[in-house]
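**Q** need a structure here:
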Amino acid sequence: MEDQNVHPQLLEVAEQFESERLLIRAPRWGDGAMLNEAVAESMPELSAWMPWAVELPSVAQSEITVREGRARYLDRSDLWLLLIEKATGRLVGSSGLHRIEWEARKFEIGYWARSGFTGQGYITEAVHRITSFAAHELGANRIEIRCDARNVRSAAVAERCGFTREGLLRMEKLGVDGSLRDTLVFAKVRGIEF
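**A** I've put the predicted structure just below:
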């Protein structure tokens, strides 16, 4: 575990780690085509929940997204992670540690699964491993999962991974359709859940 007082940009943060079936790694230049393919396959499902999935980006736009994500990984402002099936090398989805507060060692795990890989436990597996990484390698004190209250599949991942439902934030955000939505908040905290 890293020293809690070190500036985030000086932290040694692993570029990749593994779970049973997944290589979980930071984005790299050249990952845009792989990302674009997964997003294109998954647009009908993603567009219901992800504000960035309103229209399909070009491969070049996906490459820009990857490069921007890489820069944020390196400056430690956001730790976006790609989920790659070890057996095939295919992109299963995306996750990561977002909305980071380094002083408090607070992180939020976000995730989405490629349509062809849903319902197979990949996201649950990734969340378990990323939670362990945050707790043991980054010294997390609090790890959150937030999701639209209507997104029962996302909430089920949080519950399967042992996150405690802390509350419901009513009319907290605009949904992709422009309507106000409620947000469920789940968390694990040091000394209680890990």
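
**Q** helix or strand with the lowest mean pLDDT in the chain?
**A** Confidence across the helices and strands of the chain bottoms out at helix 32-46, with a mean of 93, counting by mean pLDDT, DSSP states H and E.

**Q** could you list the buried residues of that helix?
**A** Buried residues in helix 32-46, counted by 16 or more other Cβ atoms under 10 Å: 32, 34-36, 38-39, 42, 45-46. In this view, the C-beta of every residue, glycine as well, is placed from N, C-alpha and C.

**Q** out of those, who's nearest Trp102?
**A** Each of the buried residues of helix 32-46 was checked against Trp102 using Cβ to Cβ; the closest is Leu35, at 26.5 Å.

**Q** let me see the contact set for that closest one.
**A** 27, 62, 65-66, 82, 91, 94 (Cβ atoms under 8 Å, 6 or more residues apart in numbering).

**Q** if you set the cut-off to 7 Å instead, what comes out?
**A** Applying Cβ atoms under 7 Å, 6 or more residues apart in numbering to Leu35 gives the contacts 62, 65-66, 91.

**Q** same question, Val185
**A** By Cβ under 7 Å, 6+ apart, the residues touching Val185 are 144, 146, 166-167, 169.

**Q** try it again with 10 Å
**A** Val185 makes contact with 108, 144-147, 158, 163-169, 172, according to Cβ atoms under 10 Å, 6 or more residues apart in numbering.

**Q** partner strands of the helix or strand where it lies, with direction?
**A** In this assignment (DSSP states H and E), Val185 forms part of strand 180-189. Strand 180-189 has its sheet partners listed here by DSSP bridges as strand 142-148 (antiparallel), strand 164-174 (antiparallel).

**Q** good, we can wrap up now.
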